[in-house]
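Asks: Fold the following for me, if possible:
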Amino acid sequence: MSQRINQRRYTEAFKQKVLEEYRQGKWATPYEIAKAYGMSQVTAVAWIDAAGLEHLRNRRVLVHTLGEVSELQRLRIENKQIRTMLVDEMIKRHDVMRMLEAAVSRLGMKVSEFKAEFAKTDCTSDADLCKLDESVRN
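Replies: As a prediction, this is how the structure comes out:
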């Protein structure tokens, strides 16, 4: 027993209307056409191919308002500033680490030993840091 597939028939005028909307960019993909008109995506693809419009398939149309464009420009500038600040902070951190290494080596210690000693203290004030300094020197 064969099953009959429920096929719809569309008028030529309807097909031309859909294809014209597709040409004009109302629909970016055959999926959008199928969803909008409750039809099969396969049918939409077949119409597009038969009309010689396959080169338009899966195109993207971007529409930006002036507000979106200015926000995008502002965000790009802000992003660049943040990246510059990050690089500056990384350089400062590197410089501080080199100074710490030099200072700790003068004490005859390794940075890991100094960090371990520092972790044992409960430094909450400048006075506590002075105590740490004294303990490291002794």
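
Asks: measure R106 to F118 for me?
Replies: Using C-beta to C-beta, to the nearest Å, we find R106 at a distance of 16 Å from F118. C-beta: built from backbone N, CA, C; applies to glycine.

Asks: quick one, which of those two is more surrounded?
Replies: Set side by side, R106 and F118 show more neighbours around F118, with 13 against 8, by other C-beta atoms under 10 Å.

Asks: Go through the protein and flag its longest helix.
Replies: Longest helix of the chain, by residue count under DSSP state H: helix 66-106.

Asks: angle of whichever helix or strand comes after that helix against helix 66-106?
Replies: Note on helix 66-106: by DSSP states H and E, the next helix or strand toward the C-terminus is helix 111-120. Using axes from the mean of the first three to the mean of the last three C-alpha atoms, to 10 degrees, the inter-axis angle of helix 111-120 relative to helix 66-106 is 100 degrees.

Asks: In helix 111-120, which residues are buried?
Replies: F114 (16 or more other C-beta atoms under 10 Å).

Asks: Send me it as PDB with only the CA atoms.
Replies: As requested, the backbone C-alpha atoms of helix 111-120 are provided in PDB (Å, rounded to 0.1, in the frame of the first residue of the first chain):
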ATOM      1  CA  VAL A 111      60.800  34.300  44.900                       C
ATOM      2  CA  SER A 112      58.900  31.100  45.800                       C
ATOM      3  CA  GLU A 113      60.500  31.100  49.300                       C
ATOM      4  CA  PHE A 114      59.600  34.700  49.700                       C
ATOM      5  CA  LYS A 115      56.000  34.100  48.700                       C
ATOM      6  CA  ALA A 116      55.700  31.200  51.100                       C
ATOM      7  CA  GLU A 117      57.100  33.300  53.900                       C
ATOM      8  CA  PHE A 118      54.700  36.200  53.000                       C
ATOM      9  CA  ALA A 119      51.800  33.800  52.900                       C
ATOM     10  CA  LYS A 120      52.400  32.800  56.500                       C
END
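
Asks: list the helices and strands it packs on?
Replies: Counting by 3 or more C-beta pairs under 8 Å, 6 or more residues apart in numbering; DSSP states H and E, the packing neighbours recorded for helix 111-120 are helix 66-106, helix 126-137.
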